[in-house]
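Novice: with the input below, show me the fold.
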Amino acid sequence: MRPFTAERGVIVLNLEARERSMLELIPALLAGLGAEAGDPAAARLNPPAYPRDEEAQAEYARLMEDDLVSARDHDRDLFDETLRAGLDSMGIEQAEAWVRVIGDARLVIAARSGIAPGDSDWEDRARTEPDLALVAWLGYLQGALIEAIVGLETTDH
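Specialist: Next up, the predicted model:
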């Protein structure tokens, strides 16, 4: 059974208890982002918009940083509330927040596990390395959720 399905205007969660338990770890993982100096995950999740122009980057950060942090906090709150409430279904806003939060978690775990952008062999290593297996599983969940959202949107129109 797919972990998410679109039914009657909602996304139905078909997650086992152990899958929910794994997902419940994500808020703590993301809350600690950047707490340690040199955390590669912080850099991966917040790449510079203007890597070759310090002045433009500073202006971008001044204008956008608060909004980006607020949007991420909102997504993480929706994710946590939906998951902890033990709901069997969620609306489109919650589902889209889940996609972004799961994506953030994948980036954080990948960065801390040494997966660099453009790595092509990490999926082969995922068979033997637990952190990489988690990245792959989260990718599966993210893809399944996107498919359910698309299914929901196509049936609504």
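Novice: what about the helices in this structure?
Specialist: Assigned by DSSP state H, the chain shows helices spanning 17-23, 26-31, 40-45, 54-84, 92-112, 122-125, 130-156.
Novice: where does pLDDT dip in the protein?
Specialist: Residue ranges of the chain with pLDDT under 70: 155-157.
Novice: repeat the analysis, applying 50 as the threshold.
Specialist: Counting by pLDDT under 50, the chain shows no low-confidence range.
Novice: with adjacent residues omitted, what lies nearest to residue 145?
Specialist: In this structure, residue 145 finds its nearest non-sequential neighbour in residue 4, 4.8 Å apart by Cβ to Cβ, 6 or more residues apart in numbering. Placement of C-beta: from N, CA and C, glycine included.
Novice: so what's the one you found bridging to?
Specialist: When assigned by DSSP bridges, residue 4 has beta-bridge partners residue 13.
Novice: correct me, but it touches residue 148?
Specialist: Yes. Counting by Cβ atoms under 8 Å, residue 148 is a contact partner of residue 4 at 4.0 Å.
Novice: so what sits against both of these two?
Specialist: 11, 12, 95 (Cβ atoms under 8 Å, 6 or more residues apart in numbering).
Novice: can you say which of those are buried?
Specialist: 11, 12, 95 (16 or more other Cβ atoms under 10 Å).
Novice: now do the same contact list for the residue nearest to residue 145.
Specialist: Listed by Cβ under 8 Å, 6+ apart, the contact partners of residue 4 are 11, 12, 13, 14, 95, 141, 144, 145, 147, 148.
Novice: residue 53 now?
Specialist: Applying Cβ under 8 Å, 6+ apart, no residues contact residue 53.
Novice: returning to that earlier point: got TSV for the shared contacts of residue 4 and residue 148, with distance to residue 133 too?
Specialist: Listed next are the shared contacts of residue 4 and residue 148 as TSV, based on distance: Cβ to Cβ, whole Å:
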residue	distance to residue 133
11	25
12	26
95	24
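Novice: just the closest of the residues you listed to residue 60, please.
Specialist: Proximity of these to residue 60 (Cβ to Cβ) peaks at residue 95, which lies at 29.1 Å.
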